[in-house]
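Participant: Have a look at this prediction, sequence included:
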Amino acid sequence: MSRSLRLAITTIALAGLVLGSVSTTIAGGPKVLDARLTGIPTGGLVLHGITGGGVPWKIDEGRAKLFADGRLQVEVRGLVVASSGVNPVATGRAIVTCSSVAIASTGAVPFSPTGDADVDTSINLPSTCLAPAVFFAGVTGNGDRWFAVTGS
């Protein structure tokens with residue numbers, strides 16, 4: 001292979017790496033968390049100081065993405081009470097924890113009877129966020145109660 005061909009290939013490869021890094025930064029920086037959500041297995045479970053719903057909940061599909069710039073995206077599909085298959089709560093929110101301490105709670109979003117909700121917002125993320133977790137909680141008359149959390 002000629003020297004000029006090797007130089008051209010190397011230049012193209014380096015340009016690809018640089019553009020990839022720039023696009024990650026433009027898109028909100030690196031991801032701090034990208035994880036599936038799982039439903040609460042037993043009623044009243046307390047994690048990271050956040051009280052869970054009074055009964056088990058199941059989820060068909062859910063994902064949380066948290067970026068270094070504080071952008072938060074949570075998608076919940078089919079999050080319902082395990083015994084009835086229905087969601088009785090009209091609104092929900094995301095709660096973010098770092099080092100097992102709640103650091104942010106989003107505004108309320110619609111939470112359908114079939115258990116679907118979307119959160120797309122930004123939060124103030126501390127400069128160091130160790131062991132981040134994202135909870136999806138129902139906004140109830142007894143305060144927020146989590147129904148799903150990142151992890152499996």
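Facilitator: Cool, the structure landed.
Participant: Look up how far G29 lies from the closest residue to V46 other than its chain neighbours.
Facilitator: Of all residues not flanking V46 in the chain, G52 sits nearest, at 6.6 Å (Cβ to Cβ, 6 or more residues apart in numbering). (Each C-beta comes from the backbone N, C-alpha and C, glycine too.) Distance of G52 to G29, given as Cβ to Cβ, to the nearest Å: 31 Å.
Participant: repeat for E75
Facilitator: 20 Å.
Participant: just G62 next, same as before
Facilitator: For G62, the distance to G29 - Cβ to Cβ - is 23 Å.
Participant: When the two are compared, which one has more neighbours?
Facilitator: Under the criterion of other Cβ atoms under 10 Å, the comparison of G62 against G29 puts G62 first, with 25 against 13.
Participant: Which residue comes closest to the more buried one once chain neighbours are left out?
Facilitator: L37 (3.1 Å).
Participant: right, and L79 touches F147 too?
Facilitator: Yes. Counting by Cβ atoms under 8 Å, L79 sits close enough to F147 to count as a contact (5.8 Å).
Participant: overlap in contacts of those two?
Facilitator: Counting by Cβ atoms under 8 Å, 6 or more residues apart in numbering, the residues touching both L79 and F147 are 39, 57, 59, 136.
Participant: ok, the second one - contacts?
Facilitator: Taking Cβ under 8 Å, 6+ apart as the contact definition, W57 lies against 39-40, 79-82, 147-148.
Participant: G115 in helix, strand or coil?
Facilitator: Secondary structure, DSSP: H, G, I helix; E, B strand; the rest coil: G115 is coil.
Participant: So it versus S100, what's the distance?
Facilitator: For G115, the distance to S100 - Cβ to Cβ - is 27 Å.
Participant: neighbour-wise, which of these two wins?
Facilitator: G115 (26 against 12).
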